[in-house]
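A.B. asks: return a 3D structure for these sequence lines:
(one chain, ligands or ions: 1)
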Amino acid sequence: MINDNVVRQQILEIKPYVPGKPIEEVKRELGLDEVIKLASNENPLGPAPQAIEQMKKTAEQVNIYPDGNVHYLRQKLATKLGVKEEELIFGNGSDELLALLGQTFITEQAEVIMAGTTFSEYRFATNIMGGKIVTVPLKEYTHDLEAMAAAITPNTKLIFICNPNNPTGTIVTKDEVDNFLNQVPDDVIVIFDEAYYEYVANPAYPETVDYLADYENIIILRTFSKAYALAGLRIGYGIASQKLIDYIERVRQPFNVNLMAQKAAIASLATEDHLAKSVELNQVGKEYLYQEFDKLGLEYVPTGSNFILVDVAEDSTRVFEELMQRGVIIRDMSAFGYQTKIRVTVGLPEENEFFIEQLKEVLNN
Ligand SMILES: *Cc1c(COP(=O)(O)O)cnc(C)c1O
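C.D. replies: Residues are numbered from 1 along each chain as shown. Below is the predicted model of the structure:
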């Protein structure tokens, strides 16, 4: 008989990931023609034209397996970052790398420290391996690195720091990280998830690659999904000491990063103007949204990223559902314990305006 006894105990701990609803699904279900999605922190400009050109060319070559070593992208990225090629690992999105980190380092009952409100995949990576999640509440929506350091025990294996933090958009500063790393034992691994690295404008934000010279126990994760606009292709990377990379490589599947993703990522790296345009568009959109939230008297958390956590001062699930009825998909934050907050991705100017118009109507009802 099929019941919970047929699966590993750890599987029962795992809650399915709830993604942002796809546009097509909302159109179909609600019979809407116009739907905008500001729910998954995607780049509204789309991929760089050069990347699209590469994808078209690559379509004719997908009968061939991709380069399992990601040779050309590795070269380009190592040069750009000033690290050794052996200090990089590529994943099918940084999501895959998070899972690989779990498989590499987390033993049964090992303690994994993370913020109380942060990216849900850290939980997944820990639960699937039977590790023990230790959460440390955010302080003013920000990682409390002092408290996280204090939570370290002899059983601690990994510490996740999401910087900027999803879903609050806050950053931890270089001073805070310096202080924190000094308190972390050599054999505890600290993961900096920097999915929104390219968007951060705050000069106090740490350049974590610089820590690699002094720390063998840190891993930096970045992605081509957000500012580089390749979320649909799935490609992210990790930067760490060669020793750590060698361990993680053992659990990686040989062809985990597809051919089109590799080619498009190379082209995207070569077109910094598209990145600059994306970052600028985000900056302008962010300022516009702040201004409108101010006018509406809504509190929000200033963001270092391309999304904003905003307090709509009423039931966020109702606001989420009513916005969806009107063709705007955002994130309801009630599952994160924020009963009156939503998370909205900064979109194109017309999308931001449409969102604000609809939000006004929903809040007036
Ligand atoms: C979006 C996101 C990721 C996942 O990125 P992929 O490379 O698309 O898998 C990882 N971490 C955080 C914090 C994110 O917001």
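
A.B. asks: and the contacts of the lengthiest helix in the chain?
C.D. replies: In the chain, taking DSSP state H as the definition, the longest helix is helix 272-296. Contacts to helix 272-296, defined as CB atoms under 8 Å, 6 or more residues apart in numbering, come from residues 43-45, 47-50, 198-199, 201, 227-229, 268, 299-300, 302-303, 306, 308, 310, 344, 346-349, 352-353, 356, 359-360, 363. For every residue, glycine as well, the C-beta is placed using N, CA and C.

A.B. asks: mind running it again at 6 Å?
C.D. replies: Counting by CB atoms under 6 Å, 6 or more residues apart in numbering, the neighbours of helix 272-296 from elsewhere in the structure are 43, 45, 48, 199, 227, 300, 306, 308, 310, 346, 352, 356.

A.B. asks: OK, contacts around the last one?
C.D. replies: Neighbouring residues of Ile356 by CB under 6 Å, 6+ apart: Glu292.

A.B. asks: may I have the secondary structure class of it?
C.D. replies: Under DSSP: H, G, I helix; E, B strand; the rest coil, the three-state class of Ile356 is helix.

A.B. asks: Tyr247 touches Leu101, doesn't it?
C.D. replies: No - with contacts counted by CB atoms under 6 Å, Tyr247 stays clear of Leu101, the gap being 9.7 Å.

A.B. asks: looking at those two, which is more packed in?
C.D. replies: For Tyr247 against Leu101, the residue with the higher neighbour count under other CB atoms under 10 Å is Leu101, and the figures read 31 against 15.

A.B. asks: anything in the host helix or strand of that one near the ligand?
C.D. replies: Assigned by DSSP states H and E, Leu101 belongs to helix 94-105. Yes - contact check for helix 94-105 against the ligand, using CB under 6 Å from any ligand atom: residues in range are 94-95.

A.B. asks: which residues in the chain form helices?
C.D. replies: With DSSP H as the criterion, the chain has helices spanning 23-30, 49-59, 71-81, 94-105, 121-127, 145-150, 174-181, 242-249, 259-269, 272-296, 316-325, 349-364.

A.B. asks: reformat those as a markdown table; add distance to Asn5 and mean pLDDT.
C.D. replies: Shown next, in a markdown table, are the helices of the chain (distance: least, CB to CB, whole Å; pLDDT from 0 to 100):
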| stretch | distance to Asn5 | mean pLDDT |
| --- | --- | --- |
| helix 23-30 | 34 | 90 |
| helix 49-59 | 46 | 97 |
| helix 71-81 | 44 | 98 |
| helix 94-105 | 24 | 98 |
| helix 121-127 | 18 | 95 |
| helix 145-150 | 37 | 98 |
| helix 174-181 | 42 | 98 |
| helix 242-249 | 32 | 98 |
| helix 259-269 | 39 | 98 |
| helix 272-296 | 49 | 97 |
| helix 316-325 | 34 | 96 |
| helix 349-364 | 46 | 97 |
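
A.B. asks: need the ones you listed in TSV (columns: distance to Pro164).
C.D. replies: Formatted as TSV, the helices of the chain follow (distance: least, CB to CB, whole Å):
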stretch	distance to Pro164
helix 23-30	25
helix 49-59	24
helix 71-81	19
helix 94-105	14
helix 121-127	15
helix 145-150	14
helix 174-181	13
helix 242-249	23
helix 259-269	21
helix 272-296	12
helix 316-325	21
helix 349-364	19
